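**Student:** Using only what follows, build the 3D model:
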Amino acid sequence: MVVLYQSQTYPINPPNASPVLTLAEFWEVMQVKCRKPELFVAPISACEVLEETDKFMKRTVTFREGMGPPGGKVVEDMDIRAPWKVDFRNLDTGAFINNTISQGKDETDLYLTFYFEWPYPKIEEGSEEAKKTSDQLWEQARKTVQHTIDVAREMKGKGELKH
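**Tutor:** Below is the predicted model of the structure:
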């Protein structure tokens with residue numbers, strides 16, 4: 001058994017980014033991501049929110065054919081700490097994902113970090129398969145963080161954000 005760890009951080013507003021996103025706007029995007037992950041995460045095709053409070057959400061996520069865990073569906077508990085982070089706990093596989101927004105020197109100097117823990121019970125730690133899988137997950141994680149920022153900027157450009 002191996003647990004693969006990944007962490008990726010990208011600037012939300014790199015130099016020359018337009019439109020610039022505020023913390024309130026990006027948090028609104030994170031709320032959309034909780035309810036409609038398929039807009040942000042390529043392997044996900046659908047989501048149903050089962051339970052929701054200000055600080056917690058339970059949802060069922062459906063994956064596209066051939067992607068995601070066996071069975072194609074998982075239940076996730078999400079701990080929500082506005083406006084900075086969301087923790088996703090996959091109740092079926094034991095995977096853990098954290099999405100954190102951080103602020104640098106000023107109000108638009110924002111960063112998005114995704115942290116992942118993916119358990120693989122059938123892969124041996126230190127094996128070639130573990131390395132190959134880790135490399136694939138790193139690339140998937142990188143794309144997902146950048147895509148989330150790109151979707152946020154697109155939503156603002158289309159006037160879809162309230163803040």
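
**Student:** Now do the strands in this structure.
**Tutor:** For the chain, the strands defined by DSSP state E cover 2-11, 44-52, 56-63, 73-81, 85-90, 96-103, 110-120.

**Student:** could you say what helices and strands the fourth one packs with?
**Tutor:** Right, strand 73-81. Here strand 73-81 touches strand 56-63, strand 85-90, going by 3 or more CB pairs under 8 Å, 6 or more residues apart in numbering; DSSP states H and E. C-beta coordinates here come from the backbone N, C-alpha and C atoms, glycine included.

**Student:** Given the last one, what are its sheet partners and their directions?
**Tutor:** The one in question is strand 85-90. strand 73-81 (antiparallel), strand 96-103 (antiparallel) (DSSP bridges).

**Student:** where's the last one relative to the chain centroid, distance-wise?
**Tutor:** Strand 96-103 has its average C-alpha position 8 Å from the chain's average C-alpha position, going by CA atoms, centre = their mean, to the nearest Å.

**Student:** Please list the residues outside that strand that contact it.
**Tutor:** Contact with strand 96-103 is made by 9, 12, 23, 26-27, 30, 33, 83-90, 109-117, 148, as judged by CB atoms under 8 Å, 6 or more residues apart in numbering.
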